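Participant: Predicted model, plus sequence, below.
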Amino acid sequence: MITALDHIAIAVPDLEAAIKRFLEDFGLPFEGTEDVEAAKTATAFFPLPETSIELVHPLRGEGPIAKYLEKRGGGIHHLCFRTDDIHADVARLREKGYQFLADEPAPGAHGCLTIFIHPKSCDGVLIELNQPGAEH
């Protein structure tokens, strides 16, 4: 079941400048960065319980975020909903006709399992489902 808005992801062309903006200009608490090899992204987190802002930047200039930035520039990339049973939610949403960008959930930041719903299924909004790992 969907339990919360986990994060709002913002694609950024300059990760260090964006971190500085959210940390110094907005005064948000900074949780740190993490490279997510599977998604080819470098991420930075600013938790605002019960949600967080996640800055995403292409890792080594590769991957889907690099293509997104080339095509659209920086901006809101996706909304992420936390789930307590990602496999059940994927099955339930597939039965309702939702299309996903992958066949199965994959590893994400903080040891979470993640999967994305195609924007065509959600009025043009990219939606991520995220099941926290044991350490989160």
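Facilitator: Thanks, I have it. These figures come from a predicted structure and were not determined experimentally.
Participant: residues in contact with the helix or strand containing residue 91?
Facilitator: Element membership of residue 91 [criterion: DSSP states H and E] is helix 86-95. Contact partners of helix 86-95, identified using C-beta atoms under 8 Å, 6 or more residues apart in numbering, comprise 1-2, 83, 100, 105, 113-115, 117, 129-131. For the C-beta atoms, the positions are set from N, CA and C on the backbone; glycine is no exception.
Participant: Among the residues you listed, the buried ones, what's the ChimeraX command?
Facilitator: Only the buried entries of these go into this ChimeraX selection, using 16 or more other C-beta atoms under 10 Å:
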select :83,100,105,113,114,115,117,129,130,131
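Participant: Tell me which stretches of the chain form strands.
Facilitator: With DSSP state E as the criterion, the chain has strands at 2-11, 32-36, 41-48, 51-58, 75-83, 106-107, 113-117, 127-131.
Participant: give me every residue that touches the nearest residue to residue 73 once chain neighbours are set aside.
Facilitator: Leaving out its chain neighbours, the residue that sits closest to residue 73 by C-beta to C-beta, 6 or more residues apart in numbering is residue 13, at 7.2 Å. Residues in contact with residue 13 (C-beta under 8 Å, 6+ apart) are 57, 69, 73-74.
Participant: And residue 125, by the same measure?
Facilitator: 78-79, 119.
Participant: quick one: which of those is most hemmed in?
Facilitator: Using other C-beta atoms under 10 Å as the neighbour test, these are led by residue 78, with 20 neighbours.
Participant: Mind listing the residues bridging to that one?
Facilitator: Residues in a beta bridge with residue 78, per DSSP bridges, are residue 9.
Participant: from what I can see it touches residue 126, true?
Facilitator: Yes. Counting by C-beta atoms under 8 Å, residue 78 touches residue 126, with 3.9 Å between them.
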